[in-house]
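# Give the three-dimensional model of this entry:
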Amino acid sequence: MDTIKISSFELYDAVSCGDEEELNDLTSNRVFLQGWVRTNRNNGQIGFIELNDGTYFKNVQLVYNKDNPNYEVASALRNGCAVEVIGSLKLTPENKQPFEIEVVEISVAGECDEDYPLQKKRHSFEFLREIAHIRPRANTFQAVFRVRSVLSFAIHQFFQERGFLYVHTPEITTNDGEGAGNVFDVTTHDTKDPFEFYGRKVNLTVTGQLHVEPFALAFRDVYTFGPVFRAEHSNTVRHASEFWMVEPEMAFCDLNDNMRVIEDCIKYCISYVMEACPEEMKFFNTMIDNTLLERLNHVVNSEFQKMTYTEGIKILENAVKSGVIFENNDIKWGMDLQSEHERYLTEKIVKGPLFLIDYPEEIKAFYMKLNPDKKTVAACDLLVPAVGELVGGSQREENYELLKAKMDKLGLTEGLEWYLDTRKYGGCVHSGFGIGFDRLLMYVTGMQNIRDVQPYPRTSNSIKY
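Next up, the predicted model:
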C-alpha cells in the first residue's frame, strides 16, 4: 500500500470529477496531508478534526477513534496547530461532506499556544483588523485573499489576451499626476538636506497614468497595475493611503472605444472570479451580502447605459423637487457628485450599470479632452448599483497648445515638459481609464470596508505592521 501526498484541492477535485481510476487509486492507498486544525471535537469515543491546508476554501474532515494509537495526540490538538496526517480516503456521498479521512497516523508539525485568538465563534472585523497577521486563517479572509489573487490574475489575463503591454511605472516621481497635492514626500535620513539624494523634491506616485501614456504612443495598447499612494486624511470605508490601481492606456482610441474596453474588462473579471472561486463566492453571498451573486450576474448580463452629466443633474434636480432627500440636496450644474447621487442614477433611474459622461472641465483632471462646447471634457465614470463609481476614464487632450495652456494656467508645466513632448512628437487621439483594484475587490466580494480587502491596510492615524 502506497502513501500519496495530496492537497485538499486535489482531493475535492478528484471526488467531484468522479474519475474512477483516480478514485480507486486514492481509496486503495493511503493519503498524506499537511495543514492546520480549524476545529477539533470528540465525544470520548470518536473525534472529528476540520483540517485546512490553504489550497481550497472547504476543510477536510479527519476522523479518529478510541482504538487509534494516536488518539491521545489527536484529541489534544488545539485550534491552529499545524499537523501532518496519513489516512484512508472514505467516500461519503450520503453525508454533508463528500468524503472524509480516517486517521491512521497523525503528528504535530507546529504547536499552537492556548491564547490563539481564532476560536470557534464569529469574530468582528474590527477585532480581526488588529491581528492582520493571523486573520488570513479566518474563513472570511481565506475567501477575500483567494479572490484578491484570482482577480489580480484576471486583470492581467484580460489585457494579455488582447495584446496589451504590461508596463512597470515608477513609485518615486517628481509630479502629482492628479494635481490634488495629496502626496507623500520621499526623503533620506540626511539631516542637512533630506532631498539631496535626487537633487530635488520627490514623492510617492499617486498614479501611473502619466508615465504609461508615452508607452501607448509606442506600443499602442498598454497598462500598468501597481501600488499608488494618496496622503488623504479620509477616514472612510472606501479610502486608504496605499492601494493598487489598474491603468490602461490606448492609442487611436476615443471615449466610446474606451468605454467598450471598460465594459468588457469589468464583465470579464466578474465572470472569471465567479467561475474560478465558486465556493468563496457562495460564502460571500451567504455570509456577507445575500444579493451579491444576483447583482454581479445582472452586471455581467447587462448592456451598460450612457448618460451625460448634464442629463444626470437634471434628473437629480427633478428628484429633489419631487421629494427625494439626499444628504446634499443642493443639486447644481458644476458640482462634484457624491456617492448617494451616483447610486440614485444607477439604482433608481437606470437600474443597472451606467456610464456618466461629459463632466464639467473644472471638476476633472487637467489632461482630459476638452469637448466642442468648451465647458465639458470627454470623461466617463462607470457607476454600478450598491457602490456608485467603480471606474473613471477619459479621452486625453492630444492638442499640444490646448494642453499646455491649461497646464500653464494651473501651474503644472514645470517638471512635466516631458509629458507635453508626447503631444509634439507624433501625438494622436488616445484614451485610458483607472480602476481602483481594492474597490473592485470590495464590489466583487460584497465587503464593505477597504481595510478588509487589503492584507495590511494603510490608513491615516493607523499603522501597525
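
# CA only for contacts and neighbour counts going forward, please
Will do.

# List the contacts of the nearest residue to residue 119 once chain neighbours are set aside.
Excluding its sequence neighbours, the residue lying closest to residue 119 (C-alpha to C-alpha, 6 or more residues apart in numbering) is residue 79, at 6.9 Å. Shown in contact with residue 79 (C-alpha atoms under 8 Å, 6 or more residues apart in numbering): 36-40, 112, 116, 118-119.

# same thing with residue 206?
Under the criterion of C-alpha under 8 Å, 6+ apart, the neighbours of residue 206 are 176-178, 183, 228-230.

# same thing with residue 88?
Here residue 88 is in contact with 27, 29-31, 101-104 (criterion: C-alpha under 8 Å, 6+ apart).

# and the end-to-end length of stretch 240-256?
31 Å (C-alpha to C-alpha, to the nearest Å).

# Return the set of buried residues in it.
Residues of stretch 240-256 classed as buried: 240-251, 253-255 (neighbour count, 16 or more other C-alpha atoms under 10 Å).

# Strands - which of these land there?
Assignment to strands by DSSP state E places the following of those there: 242-251.

# on that earlier part again, give me the ChimeraX select line for the contacts of residue 88, limited to the buried ones.
Buried members of the contacts of residue 88, defined by 16+ other C-alpha under 10 Å, are picked up in ChimeraX with:
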select :30,31,101,102,103,104
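
# Adding distance to residue 3, pLDDT and secondary structure, write the contacts of residue 88 out as TSV.
Compiled in TSV, those are given as follows (distance: C-alpha to C-alpha, whole Å; pLDDT from 0 to 100; DSSP: H, G, I helix; E, B strand; the rest coil):
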residue	distance to residue 3	pLDDT	secondary structure
27	11	90	helix
29	6	94	coil
30	5	96	strand
31	5	97	strand
101	13	97	strand
102	14	97	strand
103	13	97	strand
104	11	96	strand
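
# what's the closest of the contacts of residue 88 to residue 350?
Proximity to residue 350 was ranked across the contacts of residue 88 by C-alpha to C-alpha; first place goes to residue 101, at 51.6 Å.

# what helix or strand is the closest residue to residue 332 other than its chain neighbours on?
Counting by C-alpha to C-alpha, 6+ apart, residue 332 lies nearest to residue 313, which is 6.7 Å off, once chain neighbours are set aside. Using DSSP states H and E, residue 313 sits within helix 309-321.

# and that helix, average pLDDT?
Helix 309-321 shows a mean pLDDT of 97.

# Over to stretch 279-297?
Averaging the model's pLDDT scores along stretch 279-297 yields 97.

# What confidence value was assigned to residue 178?
Residue 178 is given a pLDDT of 73.

# The residue lying closest to it once chain neighbours are set aside: which element?
Excluding the flanking residues, the one nearest residue 178 by C-alpha to C-alpha, 6+ apart is residue 365, at 6.3 Å. Residue 365 belongs to no helix or strand when assigned by DSSP H and E.

# Burial check on residue 365, number of neighbours?
Residue 365 has 16 neighbours, counted by other C-alpha atoms under 10 Å.

# in terms of contact, does it touch residue 176 like I think?
No. Contact criterion C-alpha atoms under 8 Å: residue 365 and residue 176 do not qualify, at 11.2 Å.

# Going along the chain, name the helices of the stretch 101-250 of the chain.
Along the stretch 101-250 of the chain, the stretches classed as helices by DSSP state H, counting those that start in this stretch are 125-129, 139-161, 209-219.

# okay, the ones you listed in TSV with distance to residue 420 and mean pLDDT next?
Shown next, in TSV, are these (distance: least, C-alpha to C-alpha, whole Å; pLDDT from 0 to 100):
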stretch	distance to residue 420	mean pLDDT
helix 125-129	44	95
helix 139-161	27	98
helix 209-219	10	97
